[in-house]
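A.B. asks: here you go, sequence then predicted model.
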Amino acid sequence: MASIAGVVVGIMICCVLRCSASPTSTGREYTRHTNEFCHGGDTLHESNVSQAVCQQLCDQLLCACYCSVDHDKPQGSCRIKNGSTTLARSAEGYIAFVPVGPPPPPSPSPSPPPTAWSQLWLRYDKLAEIPSPAIVQIVVSQPPTAVLGSAVAEAKRGLAGLQGLASPPALVVGEQPTGPCLLLRHSNVSRGRASDSVPGTFCLEAQTVAGQACTVVTADSNQGLLYGVFSFLERLRLAHQPLSIDDAPVCDGPALRLRMWDLWDNQDGSVERGYAGKSIFQWDKLPALFPRYTDYARLLASVGINYIVWNNVNACGNGNQNMLKSDYLKRLSPLMALFADWGIRSGFSPCFAAPIMVGGLKTADPLEPAVQQWWAAKAKEIYSLAPSFSLFLVKSDTEGAPGPAAYNRTELQGANMLGEALGQVHALCVWRSFTHPPGSMGLQPEFQYELYHPFNGKTRPNVVLQIKNGPYDFQIREPVHALFGRMDRTNVMLEVEATQEYTGQAKHLVNLVDQWKYYLDFKLNDAGSTLRDVVSGALYDYAFSGAAAVSNLGDDPSWTGHPLSAVNTFGFGRLAWAPSTPARDVVASWSQLTFGYTQNKTVVNTVTDLLHGSWLIYENYTSPMGIGFVCNGNHYDMDMPHREVTTNASATHVGYERGQRYGMLYNGSVGEALADPHRCPLELLLFFHNVNYNRTFSELGGVSLFDWLIQSHEQGAAQAAALVSRWDTLGDTKASGIDPAVFQAVRSRLVTGAADAATFAKSIINYFYKITNRRI
């Protein structure tokens with residue numbers, strides 16, 4: 001590389017290079033990170049350079065690579081998009097860009113200007129105390145491509161920022177460092193537990209390598225090395241010191257196999273139940289890729305998310321049905337390749353009627369051979385364009401979505417048909433186990449159980465049932481769905497919402513990490529097995545299991561609408577990685593990484609305290625004790641009369657009596673307690689039982705149910721107002737280090753949340769006084 005180095009010394013120019021991976025390549029595209037040291041605007045098409053060389057050049061130039069076969073150009077031809085660069089070829093046959101003038105201005109981009117907040121918890125501000133010795137080299141055993149290339153890019157970015165370097169550490173291929181280094185090594189690793197079979201395990205250890213002090217990241221896969229790099233950079237930010245040579249190796253790895261991020265983005269740019277603007281992804285501009293797409297992938301990868309579903313589960317409208325068209329898939333494939341380079345595999349939510357809407361068939365009957373052949377061919381087509389394609393996520397026969405019922409077939413038949421088609425490319429059919437009863441919504445828990453429990457043991461090995469955390473619809477608190485304790489022979493995974501559909505729509509501060517931890521720790525049997533044991537595969541011998549979250553990200557500069565709602569994005573990934581982690585630890589880590597590491601403990605502690613109690617505060621002023629639905633059709637404003645079919649409120653009682661019917665579907669003494677109105681946990685009492693307002697509770701100080709409902713809503717509104725006062729203690733932004741714009745954005749949301757909390761509480765309090773004929 002001596003000659004190429006001579007050409008590119010001092011050059012920091014962003015390029016996009018297309019080069020031949022091999023003469024027999026399928027034409028797949030690989031996209032590398034464009035880092036902060038690059039300028040934009042230069043594109044070269046070249047078909048006579050190997051993929052490995054392309055990536056080596058990228059690392060030398062600090063630029064982004066874009067490698068694929070280009071069969072429509074003769075060998076050796078090239079095209080330079082921007083005239084301000086010339087082409088130079090070294091003696092070894094490599095290619096480099098040499099600027100002949102000032103770098104071109106950046107291309108127009110939909111991404112917001114970079115700010116500290118634009119990186120959320122991946123800020124790499126210079127450390128107040130830089131570890132000594134500084135890491136000056138990144139060492140790998142082979143030229144970094146794809147996921148390993150992303151690991152190297154992140155290490156360069158992070159170490160340059162944290163150490164205050166003018167340029168990132170040098171890349172060394174081969175384990176012969178000449179200075180302190182970060183070494184990425186392939187080797188078998190194990191933590192000695194069952195979840196070691198889940199890919200991604202890594203170890204961190206301080207070693208002396210070729211006489212140099214190095215931190216060694218060891219993993220048996222490139223994905224594990226990527227996770228190890230993120231972990232190492234986080235350790236530097238939180239502990240301010242790398243590992244010591246005397247420290248034992250630190251090993252970690254994911255507990256859940258499927259850690260999935262479900263977009264409800266529509267192809268018209270809207271986001272269903274999205275509260276952070278429009279879709280980040282400019283679907284109409286594909287195959288163009290923008291820097292914020294890379295940041296999106298980095299953020300997800302940094303918390304271990306390894307699957308993404310690209311479109312709304314309501315897949316038959318808003319342009320979503322077009323995603324399975326061949327021309328669209330070709331335009332989308334570079335975006336899928338970009339995410340694959342960060343260890344994130346791709347899935348789609350297909351319209352069940354796609355054989356008709358896209359394929360031109362006259363039927364979508366799952367037992368019709370032509371339909372089965374169409375789905376199999378479509379799966380093979382997607383896989384040929386994007387080998388990271390891994391699953392379909394299907395919503396059918398509910399809320400207007402077409403499904404097998406139109407042909408007098410069952411959902412089980414539909415799921416198994418798609419499973420067979422997808423199995424030919426080793427992909428999964430994730431079947432969303434959610435529907436409404438034809439009669440009263442009050443019967444929904446029992447109806448869902450009776451519909452989906454017969455799937456147990458009858459699905460194909462690559463079919464996974466995606467079950468919502470509770471039997472209703474992402475309410476502020478529900479019991480864990482009874483199906484989780486009863487599906488021992490069919491793969492299942494958990495579905496939660498990071499978006500705040502029923503939890504304040506990003507106007508209210510609601511830390512959902514606490515909610516999810518409540519669900520994950522929910523006991524399902526007398527042996528003490530919990531939901532986390534189910535979704536990790538520890539309780540039942542699932543081939544596939546895990547968790548999915550509905551995305552809360554949008555094109556708002558804050559990413560999440562309410563700046564503090566990013567804790568839910570971060571927190572989902574952390575709990576999917578390690579579901580036994582205490583919720584407060586997750587929140588504290590996010591607060592430290594987001595608000596300046598450990599340099600200002602007052603800020604970190606204040607933010608952590610605000611977040612950690614916010615779920616219960618929202619529950620207090622909306623739906624305490626498991627009342628359930630209390631909102632109107634917009635899923636935000638309170639409307640108790642509209643929801644009496646589920647609250648079952650009357651002049652004397654409130655709550656739905658389903659203890660014997662639904663409660664006893666839980667195993668052993670768990671079900672017996674839920675079915676007993678005097679043993680049922682208070683936080684779920686009104687979900688399972690119809691209770692007289694005059695009943696008193698010793699655990700609540702002897703107050704009656706009616707008085708407690710009034711006090712809860714009053715207290716919740718007061719607590720929401722107190723959040724504003726607590727945040728205002730950080731108002732001296734020079735002292736706190738909080739960006740003034742971020743401070744004001746958070747404060748504005750807290751003020752709105754407090755005002756609406758008072759309105760919500762008053763509405764519900766007035767309702768209870770009116771329905772019980774009591775005077776305020």
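C.D. replies: Okay, I see it. A quick note: this is a predicted structure, and the numbers were derived from the prediction, not measured.
A.B. asks: longest helix in the chain, by number of residues?
C.D. replies: For the chain, the helix that runs over the most residues, judged by DSSP state H, is helix 740-771.
A.B. asks: for that one, which positions count as buried?
C.D. replies: Under the neighbour-count criterion of 16 or more other Cβ atoms under 10 Å, helix 740-771 has 742-743, 745-747, 749-751, 753-754, 756-758, 760-761, 764-765, 767-768, 771 buried. Yep, even glycine has a C-beta here, placed from its N, CA and C like the rest.
A.B. asks: got the residue ranges for the strands in the stretch 151-300 of the chain?
C.D. replies: Applying DSSP state E, counting those that start in this stretch to the stretch 151-300 of the chain gives strands spanning 170-173, 181-186, 202-209, 212-219, 250-252, 258-262.
A.B. asks: sorry, that was for the stretch 351-500 of the chain
C.D. replies: Counting by DSSP E, counting those that start in this stretch, the strands of the stretch 351-500 of the chain are 389-394, 428-432, 463-468, 491-497.
A.B. asks: so in that sheet, which strands flank the second one, and in what orientation?
C.D. replies: Pointing back at strand 428-432 there. Strand 428-432 pairs in its sheet with strand 389-394 (parallel), strand 463-468 (parallel), by DSSP bridges.
A.B. asks: could you check the angle the last one makes with strand 491-497?
C.D. replies: Read that as strand 463-468. In terms of direction (axes from the mean of the first three to the mean of the last three Cα atoms, to 10 degrees), strand 463-468 departs from strand 491-497 by 30 degrees.
A.B. asks: now do the same contact list for the residue nearest the centre of the chain.
C.D. replies: The centroid of the chain falls nearest to W261 when counting by Cα atoms, centre = their mean (3.9 Å). The contact partners of W261, by Cβ atoms under 8 Å, 6 or more residues apart in numbering, come to 300, 305, 307-309, 344, 548-549, 551.
A.B. asks: try 10 Å
C.D. replies: 296, 299-300, 303, 305-310, 339, 344, 347, 498, 548-553, 569, 572-573, 576 (Cβ atoms under 10 Å, 6 or more residues apart in numbering).
A.B. asks: can you flag the buried ones in these?
C.D. replies: 296, 299-300, 303, 305-310, 339, 344, 347, 498, 548-553, 569, 572-573, 576.
A.B. asks: what ranges does the stretch 351-500 of the chain have for its helices?
C.D. replies: 354-357, 369-385, 411-423, 444-452 (DSSP state H, counting those that start in this stretch).
A.B. asks: so can I have TSV of those helices showing mean pLDDT?
C.D. replies: Converted to TSV, the helices of the stretch 351-500 of the chain look like this (pLDDT from 0 to 100):
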stretch	mean pLDDT
helix 354-357	98
helix 369-385	98
helix 411-423	98
helix 444-452	96
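A.B. asks: closest to P133 out of these?
C.D. replies: Ranking the helices of the stretch 351-500 of the chain by proximity to P133 (Cβ to Cβ) places helix 369-385 first, at 46.2 Å.
A.B. asks: distance check, G573 against Q592.
C.D. replies: G573 is 16 Å from Q592, where distance means Cβ to Cβ, to the nearest Å.
A.B. asks: what about G228, neighbour count?
C.D. replies: By other Cβ atoms under 10 Å, the residues close to G228 number 30.
A.B. asks: give the contact list for it.
C.D. replies: Here G228 is in contact with 151, 155, 182, 184-185, 189, 200-204, 215-219, 250-253 (Cβ under 10 Å, 6+ apart).
A.B. asks: make a PyMOL selection of the buried ones in these.
C.D. replies: Buried members of the contacts of G228, defined by 16+ other Cβ under 10 Å, are picked up in PyMOL with:
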select buried, resi 151+155+182+184+185+189+200+201+202+203+204+215+216+217+218+219+251+252+253
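A.B. asks: and of the helices of the stretch 351-500 of the chain, who's closest to L165?
C.D. replies: Closest among the helices of the stretch 351-500 of the chain, using Cβ to Cβ: helix 369-385, at 39.0 Å.
A.B. asks: packing partners for the closest one?
C.D. replies: helix 326-340, strand 345-348, helix 354-357, strand 389-394, helix 411-423 (3 or more Cβ pairs under 10 Å, 6 or more residues apart in numbering; DSSP states H and E).
A.B. asks: most tightly surrounded among the ones you listed?
C.D. replies: strand 389-394 (a mean of 25; mean count of other Cβ atoms under 10 Å).
A.B. asks: give me the distance from that strand to the chain's centre.
C.D. replies: Relative to its parent chain, strand 389-394 has a centroid offset of 16 Å by Cα atoms, centre = their mean, to the nearest Å.
A.B. asks: what angle do that strand and strand 258-262 make?
C.D. replies: Going by the same axes, to 10 degrees, strand 389-394 makes 60 degrees with strand 258-262.
A.B. asks: and what about the closest residue to T606 other than its chain neighbours, helix, strand or coil?
C.D. replies: Excluding the flanking residues, the one nearest T606 by Cβ to Cβ, 6 or more residues apart in numbering is L730, at 5.9 Å. Under the three-state scheme (DSSP: H, G, I helix; E, B strand; the rest coil), L730 adopts coil.
A.B. asks: what sits against L730?
C.D. replies: Taking Cβ under 10 Å, 6+ apart, one finds 595, 600, 602-603, 606-607, 610, 736-738, 743, 746-747 in contact with L730.
A.B. asks: in helices only, show me these.
C.D. replies: Using DSSP H, the contacts of L730 in helices are 602-603, 606-607, 610, 736, 743, 746-747.
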